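Colleague: quick one, structure for this:
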Amino acid sequence: MNWNQLLCPERIRSITKSTTNRDLRTEFEKDYHRIIGSAAFRRLQDKTQVFPLDKSDFIRTRLTHSLEVSSFAKSLGQNVGEKIISGNLDPNFGLRQKEDICAILQCAGLIHDIGNPPFGHFGETAIQDWFKSNLKKLTFKGKPIEDLLNEQMKQDFYNFEGNTQALRVVSKLHFLVDEHGMNLTKALLATIIKYPGSSLEIDKKSGNIKTKKMGYLYAEKDLFEDIEQSTGTNKARHPLTYLLEAADDIAYKTADMEDSIKKNCITYSQLLDELKASDSYRNETGVYRKLVDVLEHKYEKAIDKGIEKPDVYAVQNWVVSIQGQMLFCASDSFIEHYDEIMNGTYQYDLFHGTPEEEIMERLGDIEFRYSFTSMPIYKLEVAADTIFNFLLDRFVKAVINYDTDEKQSVVGKRIVALISDDYRRIYEIFSKDKSEEEKLYLRLLLATDYICGMTDSFAKDLYQELNGIS
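Modeller: So this is what the prediction gives:
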């Protein structure tokens, strides 16, 4: 792979350039303004990061999380870009390329979660489980739908994924001018494809991070191939994807811990005890020990200052220290594995094999045990499951006979009418001249597109309205 091709500024729909050339922004800087002005981006303010439907103003949402990832990703771009230039690692990489990767990563951070359904990652699981349980029961023209779809179409629903939906949202569903969505640059689209393979290529046991999940739906197969050919990735991850993923990991593992402390899911003492329980803590000269010592120092400093909540103060400030350390770690790791990343053979995340890897894994484990499996989260997930099951039951069944000669029930027609006009327009455009099999697949996507695009509050309110609950 080479940077001249990787930083492809082309769009799926080409734009006629003004003869006056008054717009001095690069194509990647234009992407930024397309994103922040979109309704899909604004909806992230009412989508769950960890704690669904939380009423407090300090808990992170998908929007605030995305802003943090965007900031970290841009910082990583600056660090890595400078190292490539100063180390003379690539004769085709200069200041222009450095500015471009920073702009791309800043945008990628904003949209990396734009396809996530309501109620956090549980929403993905709820959609997967519903299709695994129900697709075999549904029929069209007297035949089981499971027998009518090809294997990739079925696996798309069984492995439904928010990251995959993000590509669909920005390239189609955000109907601004036409069916090309936000019409973003191909370099940016390649960056947000974390897993460059279809639902048939998932292999969680391969040891290669790129096969962990799917990266595109059957409906975006041609789009993916276009992006791949234009950027020259050839089934490999785009190099900037590693930096985007690192920024995401840094953001959620540190911020989730801060939110967990504020929500009283875990105390400062419990956190400290958990961190000290690691064998690495006994290594007095190790990175792990130094980072844990920083947490204790922050707490002692808060006590000396007479701060009212020394535990919150300590963790908040410790999180900032951890983030800085992780940014340097990810940057150094990218440069260390530069050749492997550029030839498409690197199989791990950027923290793999680093001294900082254990602290990241430890934080993830602590958050899972104290926050993600807490009673309030369990209750909200049970409620979310009820909402998803109801909405999927109604909307999936309603779209099966939509746009066909088969009879639709009166209620089914009303339910389809609730779906966004833009989403229905996208279905009509992309289903034109398609086989009956693919039209059926696209109708099922019409239902998941609508439900996945809902905010937490909208999904809850719609569930209550359709059930006659005031």
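
Colleague: does residue 172 really touch residue 430, like I thought?
Modeller: Yes. In terms of Cβ atoms under 8 Å, residue 172 counts as a neighbour of residue 430; the distance is 7.3 Å. Where you see a C-beta, it was placed from the backbone N, CA and C, and this is true even at glycine.

Colleague: joint contacts of these two?
Modeller: Common neighbours of residue 172 and residue 430 (criterion: Cβ atoms under 8 Å, 6 or more residues apart in numbering): residue 179.

Colleague: who's more crowded, the two?
Modeller: A count of neighbours by other Cβ atoms under 10 Å puts residue 172 above the other of residue 172 and residue 430, at 24 against 17.

Colleague: can you pull the contacts of that one?
Modeller: Residue 172 sits next to 179-181, 220, 426, 430 when contact means Cβ under 8 Å, 6+ apart.

Colleague: helix/strand/coil for it?
Modeller: Classification of residue 172 using DSSP: H, G, I helix; E, B strand; the rest coil returns helix.

Colleague: put the alpha carbons of stretch 445-454 into PDB.
Modeller: C-alpha atoms of stretch 445-454 as PDB (Å, rounded to 0.1, in the frame of the first residue of the first chain):
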ATOM      1  CA  LEU A 445     -32.700  -4.100   5.800                       C
ATOM      2  CA  LEU A 446     -35.300  -1.300   5.600                       C
ATOM      3  CA  ALA A 447     -36.700  -2.500   9.000                       C
ATOM      4  CA  THR A 448     -33.300  -2.700  10.600                       C
ATOM      5  CA  ASP A 449     -32.200   0.600   9.100                       C
ATOM      6  CA  TYR A 450     -35.200   2.300  10.700                       C
ATOM      7  CA  ILE A 451     -34.800   0.700  14.100                       C
ATOM      8  CA  CYS A 452     -31.000   1.100  14.200                       C
ATOM      9  CA  GLY A 453     -31.300   4.800  13.400                       C
ATOM     10  CA  MET A 454     -33.500   5.400  16.400                       C
END
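
Colleague: which one is residue 255 nearest to, not counting chain neighbours?
Modeller: Spatial nearest neighbour of residue 255, chain neighbours left out: residue 60 (5.6 Å); criterion: Cβ to Cβ, 6 or more residues apart in numbering.

Colleague: ah, wrong one, I meant residue 415
Modeller: residue 398 (3.9 Å).

Colleague: go through the helix or strand hosting that neighbour and flag the buried ones.
Modeller: Here residue 398 sits within helix 375-399, counting by DSSP states H and E. For helix 375-399, burial by neighbour count (16 or more other Cβ atoms under 10 Å) applies to 377, 380-381, 384-385, 387-389, 391-392, 394-399.

Colleague: for the residues you listed, which one is nearest residue 454?
Modeller: Closest approach to residue 454 among the buried residues of helix 375-399 (Cβ to Cβ): residue 391, at 8.1 Å.

Colleague: do you know the pLDDT at the nearest residue to that closest one once chain neighbours are set aside?
Modeller: Nearest non-adjacent residue to residue 391, counting by Cβ to Cβ, 6+ apart: residue 451, 5.2 Å away. What the model reports for residue 451 is a pLDDT of 96.

Colleague: where do the strands sit along the stretch 51-200 of the chain?
Modeller: Using DSSP state E, counting those that start in this stretch, the strands of the stretch 51-200 of the chain run over 139-140, 143-144.

Colleague: for the ones you listed, could you give me CSV that also reports distance to residue 48?
Modeller: Shown next, in CSV, are these (distance: least, Cβ to Cβ, whole Å):
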stretch, distance to residue 48
strand 139-140, 33
strand 143-144, 34
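
Colleague: now those strands as CSV including mean pLDDT?
Modeller: Shown next, in CSV, are the strands of the stretch 51-200 of the chain (pLDDT from 0 to 100):
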stretch, mean pLDDT
strand 139-140, 95
strand 143-144, 94
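
Colleague: grab the nearest non-local neighbour of residue 157.
Modeller: residue 131 (3.9 Å).

Colleague: burial of that neighbour, as a residue count?
Modeller: Neighbours of residue 131 (other Cβ under 10 Å): 22.

Colleague: quick one: buried residues of the longest helix along the chain?
Modeller: If you go by DSSP state H, the chain has its longest helix at helix 310-336. Buried residues in helix 310-336, defined by neighbour count with 16+ other Cβ under 10 Å: 310-319, 321-323, 325-327, 329-334.

Colleague: please name the nearest non-neighbouring residue to residue 162.
Modeller: Residue 162 sits nearest to residue 116 (Cβ to Cβ, 6+ apart), 3.7 Å away.

Colleague: mind listing what the one you found touches?
Modeller: So residue 116 contacts 47, 62, 123-124, 162, 165-166, 452 (Cβ under 8 Å, 6+ apart).

Colleague: show me what the helix or strand bottoming out on mean pLDDT in the chain is in contact with.
Modeller: Across the helices and strands of the chain, mean pLDDT, DSSP states H and E gives its lowest value to helix 375-399, namely a mean of 90. Here helix 375-399 makes contact (Cβ under 8 Å, 6+ apart) with 50-53, 118-119, 122-123, 126-127, 130, 134, 138, 371, 408, 411-413, 415-416, 419, 443-444, 446-448, 450-451, 459-460, 462-463, 466-467.

Colleague: hmm, which of those residues are the buried ones?
Modeller: Of these, these count as buried by 16+ other Cβ under 10 Å: 50-52, 118-119, 122-123, 126-127, 130, 134, 371, 408, 412, 415-416, 419, 443-444, 446-448, 450-451, 459-460, 462-463.

Colleague: low-confidence ranges in the stretch 1-150 of the chain?
Modeller: Residues of the stretch 1-150 of the chain meeting the criterion pLDDT under 70: 15-20, 49-59.

Colleague: can you rerun that using 50?
Modeller: 19 (pLDDT under 50).

Colleague: and the next helix or strand past the least confident helix or strand of the chain?
Modeller: Following helix 375-399 in sequence, per DSSP H and E, is helix 410-418.

Colleague: tell me the average confidence for the very next helix or strand once past that following helix?
Modeller: As assigned by DSSP H and E, the chain's next helix or strand after helix 410-418 is helix 421-431. Summarised as a single mean, pLDDT over helix 421-431 is 95.
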